[in-house]
Structures are given as C-alpha cells and as structure tokens.
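**Q** Let me see the structure of the following:
(chains A and B)
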Protein chains: 2
Amino acid sequence: MLDFTTDRGRSMSEIRKDIVTGVWTIIAVERGKRPHDFEKQSIKKNSEGCPFCAGNENQTPPEVLAYRTGQQEPNNSKWKVRVVPNKYSALKEQNAVETIKGFYETITGYGVHEVLIDTTDHEATIGKMSYEQLELVLRALKERYKDISSDDKIKYVQIFKNQGAEAGASLQHPHWQIIGVPLMPENQKQIIKGSKKYFQEHSRCVYCEMLRYERNAKVRIIYENKYFTLFAPYASRFCYETWIMPKQHLYDFSRLKDEHLKSLAQILKESIQRYEKVFDQLAYNICFMSPPLEVNVEKYFHWHIQIIPRLGNLAGFELSTGSYINPTPPEMVAETLQKVAKKVR
Amino acid sequence: MLDFTTDRGRSMSEIRKDIVTGVWTIIAVERGKRPHDFEKQSIKKNSEGCPFCAGNENQTPPEVLAYRTGQQEPNNSKWKVRVVPNKYSALKEQNAVETIKGFYETITGYGVHEVLIDTTDHEATIGKMSYEQLELVLRALKERYKDISSDDKIKYVQIFKNQGAEAGASLQHPHWQIIGVPLMPENQKQIIKGSKKYFQEHSRCVYCEMLRYERNAKVRIIYENKYFTLFAPYASRFCYETWIMPKQHLYDFSRLKDEHLKSLAQILKESIQRYEKVFDQLAYNICFMSPPLEVNVEKYFHWHIQIIPRLGNLAGFELSTGSYINPTPPEMVAETLQKVAKKVR
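**A** You can find the predicted model right below:
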C-alpha cells in the first residue's frame, strides 16, 4: 500500500530524490530570499524578415509537411502549420552511421533536425492560440514523429519547444524542434533503467503509481481533464516545473488517438495560460519525454511532457553535480497555479 | 598504443562521446550561423551596500575563516580573503541526517553552504587579480575544503564560482561557493564509474592518458605551466569549455602542496585573461571536480577544474536528453585561446 501522508508537513529544507532517475534536488526556500545585484533587461526583438512568417517560405528549405486549406501546392503561403528541415541543422541525413573508435569515440553526425512552425502569427503563444490550432500542431508533431521514428538508424526522437531567449530560442516566431539521433541519450537511459527497476519490483508502471499517489496526496496536482493530469513533480528540479501526464498508461506519443490529442491541446493551452497569468513574458521549454525506439518499454515507460520555466540560471552547482537547487517547493507552485484558474476562464 | 591520428581532419559534424561519463555532444558548426531575433542587453549592476565589501562585515554571518595582515580580530574590515556561511543557505547544519522513505525518498536538508569572498575589490575579476591574491583564494578554498570534508556526514564537497548573471551569480562582488552535501551527486557517480572502468581495463588513470593523448595530438592544448595543463576537452559540451588539469596524478584538491597552488593560481589567471581578451564581460562557471569522500578512488580519479562559459542557453534538447549541442569545435577554441596569448602578456 502506498502511504499518502509521509510527504506533508515537513520542514521546507529537504533533499528530494526523483523516483525514476535518482536525480536529487535541494528544495531550499531560503535561497529565494537572497538579494540580487543584477537586473533583467527586456530583450529587443526584431521581427523584420522573419523566415517563419507567411510569404517568406523561400527563406526556409522546402517543407516536409504542411496543413493547408484551399490551394494545396507545397511551399505556398496559405498554410496553417508547416514543417521544414532546420536550415542550421545540428545533424545531417547522410548515407551511413559510422562509429569511429580511437582513444575517443565519435559517431558521424547522422540525424534529422526539423522545425515545426506553429502558426502564421508571429506574436502568438500557446496561451493565445486557439484549441483547434494547437490540435493541428500536435497532429503535425505526431505525423513527423512517426515518420522520423521509422528510420531504423534513428534510435531516439526528441520533440521540444524553446520559448524565449532565456530558453535558448533564437527566433521569436513560435516553433517547435524535432531532433532524431542515432543513439540513446544518457537521460533516457536513466529513465528507462529507473522505470524498469520499479516495474520489476512492483509489477506496476511507476508513473501510473505516481499519478495515483499524487491524486490522493492532493498537494501537487494543479488541473486534470479527461485524459491528462497537470502536476508539479515531487522532486521538481526547476522553479515552477510542471508535468502533463496521460491518466491512462500510454507509453508512446505516436499512439495517441484523435481524442487524446484534442484533450492534450486543451490541457497544454490551459497550463501555459496559467503561467502567463503569473509571469510576464516567461521563457520556458516544453519537452516531450519519449521512449527509445529499439527497446520494448511498453509496460513500464509512460509518455509525458515536462514544462520547464527558465526563472533562474543553472549555476556551477548544477553543472558540476547534476543535482539541483530549487527555491520553490512544488506544493507552493501547485497552489499558485491552481489559484490563477479563475483568472484564466 | 594510443592512436593520435584518428581525430583530425574529420568532418565537423560529429557526435563525440565523453570518455569518462559517456555523455554525448553534437559538434555542429552549422548551428553557429543561425540568425538571432534576440539581442542581449547589458545588465544593470547595483553595487550600493554590497554585503561583501570591506566595512559591511556585519551584513554577513560571522566569518569562519579570514586571512588578514595586521589586526587579527575576526570580522574587522582589514581582511584579504574572507569565508562566511551563506546567509541564504541551500542547506543547514543540523544534528542528524535523516532519510525518509515513503513512496518518494527525502533526506533532511543537512549540509554546509559557505561563501568565499575573493578580495575587497568589488570590481575585480580573476583576470585582473594579482597572482598572490589568487593564491590566497586557493589556499582558503583548500583550508575550507579540508575542514568541511572532515565531517563524516558530508559525502561530497562542491567548490564553484558563478561569474556574471547568466552564470547564476546574484551578487557582482567576486566570490566562490562551497557546498557540502550528505550524498553522492549523480554526475560524480558517473565520473567515478567511468574512470574506474577505464582503470580496470587499462591499469592506468584515464585522465593521465587523456593528457598524454592531448599532448601528442597537439590540437586541443592551449597552455601549460609547471604543474598544470589548460585544454579544450574532446567532447566539449559547452561553447568554449576548457579544463585545467594537474600533469601529475593528483586526485584530491586538499593534497595540493604550496608549489601546486602557486602554479594553479598562475594558470587560472592566465586562462581567464585569455577569455577576457576574446569576450567582453563573459559569464562563466568554474567548477572544481572533486572525488567522493568515502570511497577510495585515489588510483583512478584525477582532480581537475572545468571552466564553463555561458555563451548560449541550455535549451529543450539539452534539458530533456542530457546530451549537448555545441556549435564550436574544441580545436577552434584551442586555436583562438592560443592566439590571444601575445595580447595577454
């Protein structure tokens, strides 16, 4: 039996362990009170000649996918969602994946790197976008995810959004990135190892158990709709980190049905709207946590989304130890993001 | 036999593996060419009432160590280097380390968090500091490292400097932080695992071998003095990342002798001066990579320093995969930081 009482009423200086990855976070309320010499300046935006705006289709490589109404010729300006290869790609599709082992080990830079442009609206955010538009975005992401995954040289596909300069975005026009790599990243190895171990010990999916635990504990859940739950994870590494997780055991984004995508669009917009009520011009990353493509992880992996606001910089402690210091307890985050709901609707 | 020829003349789109941690970096020159909507603005600095300036000693908790000339009473303003407990500590020294295991696992926030103030000069940087002053700083860091390590509830001590707001600094006055934690961080576990594996397979320290390899390859070494080497690591995760490594097999910072500290102060200033010639107001982290305190790792761990410039933000790809995209090959970094040497002297 799970005990739902052990994580309440504790002192707020704790070191919390992620149940899957084993990564530690120091929840340190005191840190939030320190003084600051540095003032954040607003960042200049230049929207002239944006390569992602309608009419500038010739500034990107030819599209690999687009949803249009009316005229269906590729690369015309009447699109709703558009996917193009990244012009400044981190990886290239070449003929072979070659591993070179000398003293060091290297793989030739094989891979796929695409950009999905959310909308023709340069100023849009997920919070301002219509549910229908966001559903189209998710549908296109799913279509590209499926296609890239079918390449057997690709071992893992990462979908993510960088919103704002502090989150690593170089262009303002709302977009996602999809990167397919010929190897299993370290974090995914760790996640698979942890969730497999839990399954072997308890014969249950650790994420399904986590949702069950959180729904009983009632201190970190922010919002739920038909198919998804938004909550602040127990060992939140980042200030105001939240996760969106399917309520059912769904391990693979590409298997989400239309009704799931509709429900996901709804909760994603709802989540970002809440952030937009609390913070002005927040920078954040949205990361799809996907399974490896070669290993059978259906029983113990559980697909989900991590929303990572960029409210502070990772500093020397995080970069050297891989542990985190987070000044805001997830219980406080949940309370705040619950409270703003009235303002959202 | 090591082969010194395999890592030259390759295409510059490669995925390189860190020989110790197994962490992958995509070296992607193309990424460096992408356009940017966002312009970095200079950040306002407020130096009034700085708690680290001489005369404001009452604004910090009482010192735990200071080097002074003349008057030796603690907490007077005539200090050269000063160490105080962090007023906004991430951790607290309490009586017991308690692990609470429910569904999740938590450790009470036991630990040590100190601040070392480099100098009374609010505007100083390591590049502008005298060799003698920097040697004092290193001596004080060593003294505190030794003392904190002697607490048997502390399993690991992290020394680091956050320089600039983008590197996570909240105060401008030059300072270091020392954090002692009651657990072994994930990154350190990975480093120990990797270096132990190499030792078991080759009966040699992987870092000693790395230095030998680099000195023969001659494409990533930037500078050497009597006891230390500055180089750009093969699988550099960050743009312009460099490491300072003892030439001899020295596994523990606290065992560095006076002559080592003198040599370290020299190469550290030399390194930062080169960065200061290439970049204006660069933000960076300096991380001491130290061994765990309980395990005997003398044979295969090799103490070193990582300098991590903050030239771009970690984005969704890095945060979700734990792999890195670096637009600047370390060979180019080495060439640039070698060339500026004339300007330094």
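
**Q** just the strands in the stretch 151-300 of chain A please.
**A** Taking DSSP state E, counting those that start in this stretch as the criterion, the stretch 151-300 of chain A contains strands spanning A:156-163, A:175-181, A:221-224, A:228-231, A:242-246, A:284-289.

**Q** Looking at the ones you listed, which is nearest to residue B:168?
**A** strand A:284-289 (17.2 Å; CB to CB). Backbone N, C-alpha and C define where each C-beta goes, glycine included.

**Q** Packing partners of whichever helix or strand comes after the closest one?
**A** For strand A:284-289, the following helix or strand on the C-terminal side (DSSP states H and E) is strand A:304-309. On a contact count with 3 or more CB pairs under 8 Å, 6 or more residues apart in numbering or on different chains; DSSP states H and E, strand A:304-309 meets strand A:242-246, helix A:258-278, strand A:284-289, helix B:316-321.

**Q** tell me the domain ranges of chain A?
**A** According to automatic domain parsing, chain A comprises the domains A:13-32+A:185-344, A:57-181.

**Q** Just give the nearest non-adjacent residue to residue A:138, would you?
**A** residue A:261 (4.8 Å; CB to CB, 6 or more residues apart in numbering or on different chains).

**Q** I'd say the one you found and residue A:139 touch.
**A** Yes: Residue A:261 lies in contact with residue A:139 (CB atoms under 8 Å); the separation is 6.0 Å.

**Q** May I see the strands of the stretch 151-300 of chain A arranged in TSV, with mean pLDDT as well?
**A** Output for the strands of the stretch 151-300 of chain A, formatted as TSV (pLDDT from 0 to 100):
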stretch	mean pLDDT
strand A:156-163	98
strand A:175-181	97
strand A:221-224	98
strand A:228-231	98
strand A:242-246	98
strand A:284-289	98
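
**Q** Any chance of JSON lines for these, columns distance to residue B:197 and mean neighbour count?
**A** Converted to JSON lines, those look like this (distance: least, CB to CB, whole Å; neighbours: other CB atoms under 10 Å in any protein chain shown):
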{"stretch": "strand A:156-163", "distance to residue B:197": "23", "mean neighbour count": "24"}
{"stretch": "strand A:175-181", "distance to residue B:197": "24", "mean neighbour count": "23"}
{"stretch": "strand A:221-224", "distance to residue B:197": "42", "mean neighbour count": "19"}
{"stretch": "strand A:228-231", "distance to residue B:197": "38", "mean neighbour count": "23"}
{"stretch": "strand A:242-246", "distance to residue B:197": "33", "mean neighbour count": "24"}
{"stretch": "strand A:284-289", "distance to residue B:197": "28", "mean neighbour count": "24"}
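
**Q** if we can go back for a sec, any chance of the domains of chain A in a markdown table, plus distance to residue B:121?
**A** Listed next are the domains of chain A as a markdown table, based on distance: least, CB to CB, whole Å:
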| stretch | distance to residue B:121 |
| --- | --- |
| domain A:13-32+A:185-344 | 21 |
| domain A:57-181 | 30 |
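
**Q** And the ones you listed: which comes nearest residue B:203?
**A** The closest of the domains of chain A to residue B:203 is domain A:57-181. By CB to CB, the value is 15.7 Å.

**Q** so which of the strands of the stretch 151-300 of chain A comes closest to residue A:94?
**A** Per CB to CB, nearest to residue A:94 of those: strand A:175-181, 12.9 Å.

**Q** Show me what the closest one packs onto, helices and strands only.
**A** strand A:112-117, helix A:131-149, strand A:156-163, helix B:316-321.

**Q** This completes my enquiry, with thanks.
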